[in-house]
Each structure stands twice: as C-alpha cells, then as structure tokens.
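In: I would like to see how this sequence folds:
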Amino acid sequence: MDTTMVNAPARRTRRRHSAEFRASVIEACRQPGVSMAAVALANGLNANMLRKWVQEADHREVSVPIRAEGAPALAAVGGFVPLSPPVAAAKDIRIELQRAGTTVTVHWPGGAATECAAWLREVLR
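Out: Sure, this is the predicted structure:
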C-alpha cells in the first residue's frame, strides 16, 4: 500500500485590475482597426473578459438617465426614454449596395424598417 502524500496544486487566485487599467485597455479597443483579441493578448487578458468589459462600458455610457423637457420622470414611464421620434415620423432609409462594379441605391420608407431589415438580410445572404 502506497502512503505517499500528494501535494495538491496551488489554487489560482482571481486577479484584480484597477479602474485606470480597465479604462486604458477599453480605450485601446475602441481605436479604429484594432483587434480586441490583439489588445487582450498584449495585456495578458482573456479576450472574452475584455469583450465583456467593453460591453459593460458601452452599456454604462448609454444608460445615463436622460430627461427631455416636458417628459415624465423615468420612474413614471418604467425607466424607458424615447431616443428617437416615433416610427411614423422617421426619415426614409437609404441603402447603397456595391457589387462587381455596380451600385444599387434603395430608398425604403422609415415606417417599414423591420421589413427593410428582413429584405436586407435576404439580399446579403
């Protein structure tokens, strides 16, 4: 019978990153033409974790409470704030498609944005 003791591997501890470090890495990801994976690799981070940081930062920037003149308080409307005019008043959608030297311009009514999105998905397949 073998009675030798086996040492268990040391537990990994979770690393903590300062807010300044996170902000600088997130800003690096927002530069045009920069790969998030490359920024993560250069800073010794997991790319999925970095992507989560960027998404959380984007969400924090978007979720700043906004109150238009004459609009009811946020609590009164369930926390939702209209960010654009109603769909009926939306401008027309203009799409330019370029393929093989040919350009096609499509004008779509703004009130039918859902149908336009479905059509565009089919065209780009």
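In: Next, work out how far apart the residue sitting nearest the centre point of the chain and residue 61 are.
Out: The centroid of the chain falls nearest to residue 55 when counting by Cα atoms, centre = their mean (5.0 Å). Distance, residue 55 to residue 61, using Cβ to Cβ, to the nearest Å: 11 Å. Using the backbone N, CA and C atoms, a C-beta is placed for each residue, glycine as well.
In: Could you list the low-pLDDT ranges of this protein?
Out: 1-5, 62-90 (pLDDT under 70).
In: what's the domain layout of it?
Out: 19-62, 87-123 (automatic domain parsing).
In: Residue 105 contacts residue 93, correct?
Out: No. Look at residue 105 against residue 93 with Cβ atoms under 8 Å: they stay out of range, at 11.1 Å.
In: doesn't the residue nearest to the centre of the chain fall inside a helix?
Out: Yes. Under DSSP: H, G, I helix; E, B strand; the rest coil, residue 55 falls within a helix.
In: Residue 106: helix or strand, and which one exactly?
Out: For residue 106, the host element (DSSP states H and E) is strand 102-108.
In: Can you list the strands that that strand pairs with?
Out: Sheet pairing here is set by DSSP bridges, and for strand 102-108 it gives strand 93-99 (antiparallel).
In: which residues touch the strand it pairs with?
Out: For strand 93-99, the surrounding residues in contact (Cβ atoms under 8 Å, 6 or more residues apart in numbering) are 103, 104, 105, 106, 107, 108, 109, 110, 113, 116, 120, 123.
In: If you count surrounding residues, which of residue 105 and residue 93 has more?
Out: More neighbours surround residue 93 than the other of residue 105 and residue 93, with 16 against 9 (other Cβ atoms under 10 Å).
In: List the contacts of the residue nearest to that one when sequence neighbours are not counted.
Out: Leaving aside its sequence neighbours, residue 93 sits nearest to residue 108 (Cβ to Cβ, 6 or more residues apart in numbering; 4.2 Å). Taking Cβ under 8 Å, 6+ apart, we find residue 108 in contact with 92, 93, 94, 95, 115, 116, 119.
In: one more time with 10 Å
Out: 92, 93, 94, 95, 115, 116, 117, 119, 120 (Cβ atoms under 10 Å, 6 or more residues apart in numbering).
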